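S.K.: any chance you could fold what I've pasted below:
(chains A and B)
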Amino acid sequence: MNLKKLRKISRRNALLLIAGFTGTAILPSISFAQANQALDRINEITKGLGAIESDIWLDLPEIAENGNQVQVSFDIDSPLTESDYIKTVYILADGNPSPNVAKFSFTPEMGSCSATTRMRLSKTQNVYLLAENNNGQFLMTNAKVKVTIGGCGG
Amino acid sequence: MSSIKPRVKVPKEVSIDEIVEIKTLIRHPMHSGRMKDADGQTIPRQIINSFSAKFNGKEVFQMNLEPSISTNPYIVFQYKAKESGKFDFEWIDDTGEIYSISKEMIVS
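M.R.: Numbering: from 1, shown residues only, chains lettered A, B, ... in the order given. From the prediction side, this is the model:
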């Protein structure tokens, strides 16, 4: 019975099937590589270790009418002691000409690991936050911002 | 460029272990190197690339700025007051120019 069924797949159909499978397997990896310079940068910073998706308070407007001035705030829960504190925080954007936006260096004296600044966004995109603690562990989160008027000029 | 005056808001008197919010603003065009002027000429990149805050001479906060930061950079951060002292804030431009301001804070 099984053999009979197998024979029903002609050579042409078999080739199509193989092409289909490989196609679906390759496509996502291509679009991923093109689309996400921010994730590439995260890979570079973490030296391929990757970061743990974490529950960090990252405040960005859902819709930014003016991409020239988009306020971004974050607050990370951390004991902030000499042995356990957040050392560096990176803000990255996947749709700007360059993924880097800002890098913050914190010290345990700060009382809270939070900051606010204003950034430019050239189009609707995801903004990533990557945090490194003093033990070399990485945490990340992201937020999508819809931009009505882009803010990178030219 | 010495006309650029940074503005900083630090509470004058705070109680010990209070977490204070420090707001800073500096007037700067932050030319990203991608914008064009009225004649269609690209304006060369000129941004503030670094900001730092020292308390009694010790660096407590530092930030690297990229062209994606808006015109007139606005930076807010927090600090836990332990002792009275002086904050020194410093902004560094691509040209190497340094803008600075100091603020006293009394902790009681």
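S.K.: tell me which parts of chain B are close to chain A?
M.R.: B:19, B:32, B:34-36, B:42, B:55, B:58-71, B:73-80, B:82 (C-beta under 8 Å from any C-beta of the partner chain). Glycine gets a C-beta too; all of them are placed from N, C-alpha and C.
S.K.: show me those that map onto strands.
M.R.: Counted as lying in strands by DSSP state E, out of the residues of chain B next to chain A, are B:19, B:55, B:58-65, B:74-80.
S.K.: for PyMOL, write a command that selects the buried ones of the residues you listed.
M.R.: Selection of buried members from these for PyMOL, criterion 16 or more other C-beta atoms under 10 Å in any protein chain shown:
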select buried, chain B and resi 55+60+61+62+63+64+65+74+75+76+77+78+79+80
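S.K.: poorly predicted segments of chain A, please.
M.R.: A:1-35, A:152-154 (pLDDT under 70).
S.K.: mind telling me which residue of it is nearest chain B?
M.R.: A:Gly111 (2.7 Å; C-beta to the nearest C-beta).
S.K.: what's the burial count for that residue?
M.R.: 18 (other C-beta atoms under 10 Å in any protein chain shown).
S.K.: B:Glu83: neighbour count?
M.R.: By the criterion of other C-beta under 10 Å, B:Glu83 has 10 neighbours.
S.K.: which ones are touching the closest residue to it other than its chain neighbours?
M.R.: Residue nearest to B:Glu83 in three dimensions, not counting chain neighbours: B:Val107, with 5.6 Å by C-beta to C-beta, 6 or more residues apart in numbering or on different chains. Contacts for B:Val107 (C-beta atoms under 8 Å, 6 or more residues apart in numbering or on different chains) come out as B:13-16, B:81-85.
S.K.: and if we set it to 6 Å?
M.R.: By C-beta atoms under 6 Å, 6 or more residues apart in numbering or on different chains, B:Val107 lies in contact with B:14, B:16, B:81, B:83-84.
S.K.: pairing partners for the worst-scoring helix or strand of chain B on mean pLDDT, with directions?
M.R.: Of all helical and strand segments in chain B, the minimum by mean pLDDT, DSSP states H and E falls on strand B:13-14, at a mean of 92. According to DSSP bridges, strand B:13-14 forms sheet pairs with strand B:98-107 (parallel).
S.K.: show me how far the partner strand is from its chain's centre.
M.R.: 11 Å (C-alpha atoms, centre = their mean, to the nearest Å).
S.K.: which parts of it are buried?
M.R.: Under 16+ other C-beta under 10 Å, the buried positions of strand B:98-107 are B:99, B:101, B:103, B:105.
S.K.: what angle do it and strand B:74-80 make?
M.R.: 30 degrees (axes from the mean of the first three to the mean of the last three C-alpha atoms, to 10 degrees).
S.K.: strand partners of whichever strand in chain A runs longest, parallel vs antiparallel please.
M.R.: The longest strand of chain A (DSSP E) is strand A:138-149. Here strand A:138-149 has these sheet partners by DSSP bridges: strand A:52-53 (parallel), strand A:63-66 (parallel), strand A:125-133 (antiparallel).
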